[in-house]
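>>> My questions are about this predicted structure, shown below with the sequence.
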Amino acid sequence: MGSLGLALTSIAAARPTPSPASSPSLALSNEKSFASLHSSDSLETSRASFRLEISYHRRLLAELRCKPSAVTRSGPVVAVAKPEPLKIMISGAPASGKGTQCELIEKKYGLVHIAAGDLLRAEIAAGTENGKRAKEYMEKGMLVPDEIVVMMVKERLLQPDAQENGWLLDGYPRSLSQATALEDLGIRPDLFILLDVSEEVLIERVVGRRLDPVTGKIYHLKYSPPENEEIAGRLTQRFDDTEEKVKLRLKTHHQNVEAVLSIYKDVIFKVNGDAPIEDVFAEIDKALSSILEKKSRTASSSMAAGIIS
């Protein structure tokens with residue numbers, strides 16, 4: 001409005017003001033002069049300036065009403081749709097390389113790694129209700145019932161970190177009853193990764209495995225030998241890491257996993273676990289990236305549909 005005031009002042013200044021002491025002839029002369037000025041370029045310029053100022057301010061007010069903030073004037077605000085987090089299960093026979101792949105997946109995708117065995121031990125150590133119930137069975141030398149472990153898994157998957165970042169359920173479910181219980185609770189993965197390793201390779205990996213009782217580090221006589229003779233001299237072999245016992249464990253594993261796969265047949269992703277570690281992860285990485293892309297497209301489409309409606 002300062003410009004508008006300036007325009008009005010310019011017009012007022014352009015008009016001659018007759019002196020009170022002037023004669024009638026002078027007044028008449030002034031009127032003639034004013035008439036002459038009225039038709040001059042100077043007055044027309046002032047009036048044009050006045051009209052332009054009014055037009056400008058009207059337009060400015062209209063823009064301010066339509067654009068309430070500087071943020072909206074700077075351009076459209078683009079909302080980014082966040083896709084749902086990944087929900088992954090991974091299974092593999094003993095020595096299939098499952099632990100290594102879990103580390104790589106967790107590192108790249110930030111998923112919460114959940115292993116039923118670790119979860120069971122943590123619940124017992126924390127003295128939770130489920131932990132106390134599980135401990136009672138274990139102290140009697142009995143297997144912990146599925147319903148207790150399933151509830152532990154369910155409660156862990158519902159915690160904020162798993163809900164926000166997604167989860168990687170390691171080696172669970174191991175039986176048809178466990179898989180069915182998770183289905184009944186509405187817990188289903190986006191992908192069920194199965195590391196498929198030949199029996200000959202698995203036996204070689206297990207039988208050659210050794211434990212350093214001092215550091216707890218696992219070695220393999222062929223693939224990851226100890227650094228020196230001192231460490232080699234104190235390595236021990238687990239009692240069940242013999243060929244005979246490995247074959248029994250593999251038989252049990254195959255029986256159980258076949259039943260589990262019947263539940264997840266539409267989301268199974270088999271990977272050749274005989275391949276080098278980096279090649280195995282490359283296949284898994286490709287599959288997980290593809291799922292994330294689909295989730296992103298779905299989230300964007302849902303947001304667009306919501307905006308339109």
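Arrived safely.

>>> residues in contact with the residue nearest the centre of the chain?
The centre of the chain sits closest to Pro85, judged by C-alpha atoms, centre = their mean, with a distance of 5.1 Å. Contact analysis of Pro85 by C-beta atoms under 8 Å, 6 or more residues apart in numbering lists 111, 163-167. The C-beta positions use only the backbone N, C-alpha and C, and glycine is treated the same way.

>>> 6 Å - rerun?
By C-beta atoms under 6 Å, 6 or more residues apart in numbering, the contact list for Pro85 reads 165-166.

>>> now Ile88
Counting by C-beta under 6 Å, 6+ apart, Ile88 makes contact with 168, 189, 191.

>>> which one of these is nearest Ser224?
Minimum distance to Ser224 across those is 23.7 Å, recorded for Leu168 (C-beta to C-beta).

>>> residues near the closest one, how many?
By the measure other C-beta atoms under 10 Å, the count of residues near Leu168 is 25.

>>> That one should be in a strand, yeah?
Yes: judged by DSSP: H, G, I helix; E, B strand; the rest coil, Leu168 forms part of a strand.

>>> any idea how far Lys251 is from Ser262?
Distance of Ser262 to Lys251, given as C-beta to C-beta, to the nearest Å: 18 Å.

>>> Revised request: answer the last question for Asn165.
From Asn165 to Lys251 the distance is 36 Å (C-beta to C-beta).

>>> for the stretch 101-250 of the chain, what spans make up the helices?
Taking DSSP state H, counting those that start in this stretch as the test, the helices found in the stretch 101-250 of the chain are 116-126, 129-139, 146-157, 160-165, 176-184, 199-207, 229-234, 243-261.

>>> So for whichever helix or strand comes after the longest one, what gets flagged as buried?
Secondary structure here is assigned by DSSP states H and E; on that basis, the next helix or strand after helix 243-261 toward the C-terminus is strand 268-272. Across strand 268-272, burial judged by 16 or more other C-beta atoms under 10 Å covers 268-269, 271.

>>> same question, stretch 254-270
In stretch 254-270, counting by 16+ other C-beta under 10 Å, buried: 256-257, 259-261, 263-264, 267-269.

>>> Can you convert those residues into CSV and add a column each for pLDDT and distance to Gly99?
CSV is the format used below for those (pLDDT from 0 to 100; distance: C-beta to C-beta, whole Å):
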residue, pLDDT, distance to Gly99
Asn256, 88, 19
Val257, 90, 17
Ala259, 90, 23
Val260, 93, 19
Leu261, 92, 21
Ile263, 94, 23
Tyr264, 95, 21
Val267, 96, 22
Ile268, 96, 20
Phe269, 97, 18
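
>>> Could you list the alpha-carbon positions for stretch 168-181 in CSV?
Provided in CSV are the C-alpha atoms of stretch 168-181 (Å, rounded to 0.1, in the frame of the first residue of the first chain):
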residue,chain,number,x,y,z
LEU,A,168,14.5,-61.8,9.8
LEU,A,169,13.3,-65.0,11.5
ASP,A,170,16.2,-67.4,11.6
GLY,A,171,15.5,-71.2,11.5
TYR,A,172,11.9,-70.9,12.6
PRO,A,173,9.4,-72.4,12.2
ARG,A,174,10.9,-75.9,12.1
SER,A,175,7.8,-78.0,12.0
LEU,A,176,4.3,-78.0,10.5
SER,A,177,2.7,-77.3,13.9
GLN,A,178,4.9,-74.2,14.5
ALA,A,179,4.2,-72.9,11.0
THR,A,180,0.5,-73.4,11.4
ALA,A,181,0.5,-71.7,14.7
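
>>> Can you tell me which helices and strands the helix of greatest length in the chain packs against?
If you go by DSSP state H, the chain has its longest helix at helix 277-308. Counting contacts by 3 or more C-beta pairs under 6 Å, 6 or more residues apart in numbering; DSSP states H and E, helix 277-308 packs against strand 268-272.
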